[in-house]
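# requesting a structural model of the entry that follows:
(one chain, ligands or ions: 1)
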Amino acid sequence: MSDDAEKPLILWFRKDLRLDDNHALDGACATGRPIIPVFVREPSSAGTGPLGGAQAWWLHHSVVSLSASLEALGGSLNLASGDALDVLVGLIKSSGADTVMWNRRYDPAGIAIDTRIKRELELQGIKAKSFAGQLLHEPSRLKTGGGTPYRVYTPFWRALENAGEPPRPLDAPDAVRFAPVLDTSETLGSWGLLPTKPDWAQDFSQVWHAGEDAAREKLSDFLDQSLSGYKTNRDFPAKQTTSMLSPYLALGVISPGRIWEETRGLDVPADDLVHFRKELAWREFSYHLLYHFPKLPYENWNGRFDGFGWNNDSAQFNAWTRGMTGYPIVDAGMRQLWQHGFMHNRVRMIAASFLIKDLMIDWRRGETWFRDTLIDADPASNAASWQWVAGCGADASPFFRIFNPILQGEKFDRDGDYVREFVPELADLDNKYIHKPFAAPPSVLDKAGIELGETYPKPIVDHAAARDRALKAYNAVKDAA
Ligand SMILES: Cc1cc2nc3c(=O)[nH]c(=O)nc-3n(C[C@H](O)[C@H](O)[C@H](O)COP(=O)(O)OP(=O)(O)OC[C@H]3O[C@@H](n4cnc5c(N)ncnc54)[C@H](O)[C@@H]3O)c2cc1C
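This next block holds a predicted model:
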C-alpha cells in the first residue's frame, strides 16, 4: 500500500448529523483510509445566517448524539469553531490529510462558502469531494420542458414523480477506520449553545429527543399509527398525527431518502401515502426555489409587493410573539412555538396569516422570529412558506384569501383541545366561545374565571376591519407592474 493510501481524510459533518444514508461517510469509508470526523461551528458572519436560539439547543443535543455514535465505532468527533477553511487547513496541517469530503448544502450562503473552500483547497493541492444527500433529488435535476426551474408546485411534483424513485438509502457502516484521535477538539459545552439564565428551553426535552435512533422511532411510530388517515387528520393540531420529523430533517439527523424508502410497500391507503410524499416534495420544492432564487429569504418573489404599505407596529408584533393577540388559535400556536420550539403546520399558516394580513406586519419579521424560535428552522421551507402565506411567493396562496382565525379555530380545533393545552387561562371556557372569548357573555366568562383584558387579552385588532384594511393595501399594489 502506498503512503498516499494511508493518508487520513477529513469528513466534514454539517447538516447531515447521521451515519445512516450518509453519502460522504460512505465515500470516505470506500477509500479505506483513516478518517478524521469534524464538525465546524461557523461564524454567522460567514453568511450562513445566525443560528436561531431554539435550533442551537437542538444542534447541541444532535451533536452529542452523533459523537456517541462515532465513539461506539471507535472514533471521536472533532469540534472546532471559526472560518471553516481555516479550520480545515489547520486540521490538514496537523494530521497530514490530503482530502476533505462532505455532503452538499443548498442554501446560497452555504454554496458560496463551499465553492470558495473547494477552490482554495484545490489550489493547495488538497482534494475536496462533495456528495448529494440532503434532498431526494439534486435541486438542479428537475427542470421544466423549457429547461428552466419550476415556479409552480404541481408540475414540480409531477416531475418528481416522473423522475422515478429516489436512490435507495445507504445503510450506516458496521465499522469505520478512524485516524488517531487529535487532541485539538474544542468542547461542546464551551460553545454555549444551551440557554442557561433563564433556561427557556426546559420544556423542549419533554417533546424532543435528539439523535438517529429517536428519529427512526418517530418515523416508525408515524408509519404504524398515523400514516393511514394522514391526509385528513394532518390538519388537526390537537391530534398527534403528523410525523414530527422536520427537526431531524433540518439538521440531517435523518435523510429524506430514508423516510421515502420506509414508506415503500406499506399497506396504507394510496391517498394518504401520496399526500405524505407530497409534503416531502414541498420541502424539495422549497429547496428548488431557494437554489434557483437565492434572494427568497429576504426579497419578495413577486416584486409587486415591494410597495406594500406594511404597518410594522412593534407593540402588536410583540403581542404576536408572546401569544397575546386575543385570538386563541393564534396565541396557542405562538405559545406552542415558545414552549416546544415547534408549531403545527395548520397553525403556522393561521399565525403567519394573522401577522401579515390582520396586523399588516412585513412577513420578513415573522420569518426571522420563526428562524429564531423553531427547532426545525430551515432556510428553504421557512422562507418559501412565509412568502406563500404572504401571497408574494412562488405559486403562493392569493393574498385576498385571508384566514379568519375564529373560523379556522372552530374548524380545526372544534373542541378547543389545542387552545386549552397552550392557553391554560381559557381552559374552563365553554366550547362555544373557546375561539372567541370576546363574544362570550359576562356570566360565561365569570364562570370560566376569565377577565378579558386582565387574565386574557382583548383582541388587538378587529378581524373584519383588519381584513378590509389588508385588502385595500393589497388592491393598491396588485396592479403594479
Ligand atoms: C409560516 C411557515 C413557516 C414554516 N417554516 C418551516 C421551517 O422553518 N422548517 C420546516 O421544516 N418547515 C417549515 N414549515 C412547513 C411545515 O409547517 C413543517 O415542515 C411541518 O409542520 C413539520 O411537521 P411534520 O414533520 O410533523 O410534518 P409532516 O406533515 O409529517 O410532513 C413530513 C415532512 O414534509 C415536509 N413538509 C411538510 N409540510 C411542508 C411545507 N409546507 N413546506 C415544506 N416542507 C414541508 C417537512 O420536512 C416534514 O417533516 C413552515 C410552514 C409555514 C406555514
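# which residue ranges of the stretch 1-150 of the chain form strands?
Listed in chain order, the strands of the stretch 1-150 of the chain (DSSP state E, counting those that start in this stretch) span 9-13, 35-41, 78-81, 99-103, 127-131.
# out of these, which gets nearest to Glu165?
When the strands of the stretch 1-150 of the chain are compared by CB to CB, strand 127-131 sits nearest Glu165, at 18.9 Å. For glycine as for every other residue, the C-beta is placed from the backbone atoms N, C-alpha and C.
# now what about the worst-scoring helix or strand of the chain on mean pLDDT, what contacts it?
Least confident helix or strand of the chain, by mean pLDDT, DSSP states H and E, is helix 3-6 with a mean of 77. Applying CB atoms under 8 Å, 6 or more residues apart in numbering, the external contacts of helix 3-6 come out as Gly32, Arg33, Pro34, Asp98.
# quick one: contacts for the spatially closest residue to the second one that is not a sequence neighbour?
The reference is to Arg33. The shortest distance from Arg33 to any non-neighbouring residue, by CB to CB, 6 or more residues apart in numbering, is to Leu9 (5.1 Å). Going by CB under 8 Å, 6+ apart, Leu9 touches Ala28, Thr31, Arg33, Pro34, Ile35, Ile36, Ala97, Asp98, Thr99, Val100, Met101.
# now Val64
Val64 makes contact with Leu188, Ala210, Gly211 under the criterion CB under 8 Å, 6+ apart.
# next one: it, what pLDDT does it get?
Note on Val64: pLDDT of 98.
# check the one 3 residues further on too.
According to the prediction, Ser67 has pLDDT 98.
# coming back round to it: could you redo the contacts of Val64 as CSV and give each row neighbour count and pLDDT?
As requested, those are exported to CSV (neighbours: other CB atoms under 10 Å; pLDDT from 0 to 100):
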residue, neighbour count, pLDDT
Leu188, 19, 97
Ala210, 24, 98
Gly211, 21, 98
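# just the ones of those residues in helices?
With helices taken from DSSP state H, there is no overlap with these.
# quick one: which of those residues is nearest Asn162?
Gly211 (35.2 Å).
# and that closest one, its phi and psi?
The phi/psi pair for Gly211 (degrees, to the nearest 10) reads phi 110, psi 160.
# need the contact list for it.
The neighbours of Gly211, taking CB under 8 Å, 6+ apart as the test, are His61, Ser62, Val64, Ser65, Leu66, Ala68, Ser69, Val253.
# and the helices in the stretch 101-250 of the chain, which stretches?
Using DSSP state H, counting those that start in this stretch, the helices of the stretch 101-250 of the chain run over 108-123, 153-162, 204-207, 212-225, 230-233, 246-250.
# and the chain, which of its residues are near the ligand?
Within reach of the ligand by CB under 6 Å from any ligand atom, the chain has these residues: 234, 242-246, 249-250, 279-280, 282-283, 286, 345, 348-349, 352, 370, 374, 376-378, 381-382, 385-386, 389.
# among the residues you listed, which lie within helices?
Mapping the residues of the chain next to the ligand onto helices (DSSP H) picks out 246, 249-250, 279-280, 282-283, 286, 345, 348-349, 352, 370, 381-382, 385-386, 389.
# mind giving me the PyMOL command for buried ones among the residues you listed?
Here is the PyMOL command that selects the buried residues among those (16 or more other CB atoms under 10 Å):
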select buried, resi 246+249+250+280+282+283+286+348+349+352+370+381+382+385+386+389
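# which pLDDT value goes with Ala480?
At Ala480, pLDDT is 67.
# and the furthest pair within the contacts of Leu9?
Pairwise distances across the contacts of Leu9 (CB to CB) peak at 13.9 Å, for the pair Pro34 and Val100.
# for those two, indicate the residue with more neighbours.
Neighbour totals were compared for Pro34 and Val100, and Val100 leads with 26 against 18 (other CB atoms under 10 Å).
# would you agree the more buried one is in contact with Ala128?
Yes: taking CB atoms under 8 Å as the definition, Val100 is a contact partner of Ala128 at 5.1 Å.
# what do these two both touch?
Ile117, Leu121.
# contacts for stretch 70-85 next, please.
For stretch 70-85, contacts defined as CB under 8 Å, 6+ apart pick out 12-13, 19, 35-43, 46, 63, 66-67, 87, 90-91, 113, 116-117, 120-121, 173, 175-176, 178, 181-182, 184-188, 191.
# please disregard the earlier target; I meant stretch 144-151.
Stretch 144-151 has contacts (CB under 8 Å, 6+ apart) with 142-143, 155-156, 159, 285, 288-289, 291-293, 394-395.
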